[in-house]
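A.B. asks: pasting the structure only:
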């Protein structure tokens with residue numbers, strides 16, 4: 001019995017299969033790089049920054065999920081100074097402030113996610129969504145980047161703590177939208 005020769009051209013598909021296999025191989029290598037060198041470099045570097053600057057923060061390693069480990073520069077929690085009055089009492093319940101964190105997390109594919117967790121006061125509005133600084137392959141992450149990340153983190157924290165409406169006039173947004181609605185209504189009325 002003679003084998004029939006396939007007439008399918010798998011050239012384009014073969015390139016995708018090869019790329020897929022390379023990505024799977026990269027994931028394994030990235031995970032090995034995380035545990036062998038990247039996680040210790042990040043942890044030690046952040047600890048050095050905390051010590052050198054006197055920043056009131058702790059470096060936490062969360063490794064309870066293998067290959068999704070996290071290293072956090074955590075500013076911690078504190079009483080916010082804001083308190084909710086308890087009904088029928090002169091007492092107040094303090095609202096706790098989470099002061100923010102800089103997070104280095106290994107992603108499912110072994111790459112490194114760096115993000116800022118903004119401060120928030122529990123029970124006072126909604127927390128601001130985290131801000132992704134960047135996603136890097138382990139070999140792209142260099143020790144000097146830690147300083148840049150912490151500087152950017154501190155800028156965001158300072159801006160949050162010192163919040164006010166002193167912004168560039170061109171960046172102001174009408175918070176209510178009344179003027180825009182009134183202008184639109186005016187155009188509708190004039191156009192009639």
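C.D. replies: The structure has been received and is ready for your questions. Given the structure is predicted, the values throughout are model-derived calculations rather than measurements.

A.B. asks: can you confirm residue 151 is in a helix?
C.D. replies: Yes - per DSSP: H, G, I helix; E, B strand; the rest coil, residue 151 lies within a helix segment.

A.B. asks: can you report how many residues lie near it?
C.D. replies: The tally of other residues near residue 151 (other CB atoms under 10 Å) stands at 11. C-beta: built from backbone N, CA, C; applies to glycine.

A.B. asks: for it, give me the pLDDT.
C.D. replies: Per-residue pLDDT puts residue 151 at 97.

A.B. asks: separation between it and residue 32?
C.D. replies: With the distance defined as CB to CB, to the nearest Å, residue 151 ends up 30 Å from residue 32.

A.B. asks: which of the residues in the top helix by length along the chain are buried?
C.D. replies: When the chain is parsed with DSSP state H, its longest helix is helix 11-33. Residues of helix 11-33 classed as buried: 27, 30, 31, 33 (neighbour count, 16 or more other CB atoms under 10 Å).

A.B. asks: buried ones in stretch 44-57, by neighbour count?
C.D. replies: Residues of stretch 44-57 classed as buried: 45, 46, 49, 50, 57 (neighbour count, 16+ other CB under 10 Å).

A.B. asks: immediately after the helix or strand hosting the first one, which helix or strand?
C.D. replies: I take that to be residue 45. Assigned by DSSP states H and E, residue 45 falls within helix 39-53. Counting by DSSP H and E, the next helix or strand C-terminal to helix 39-53 is strand 58-62.
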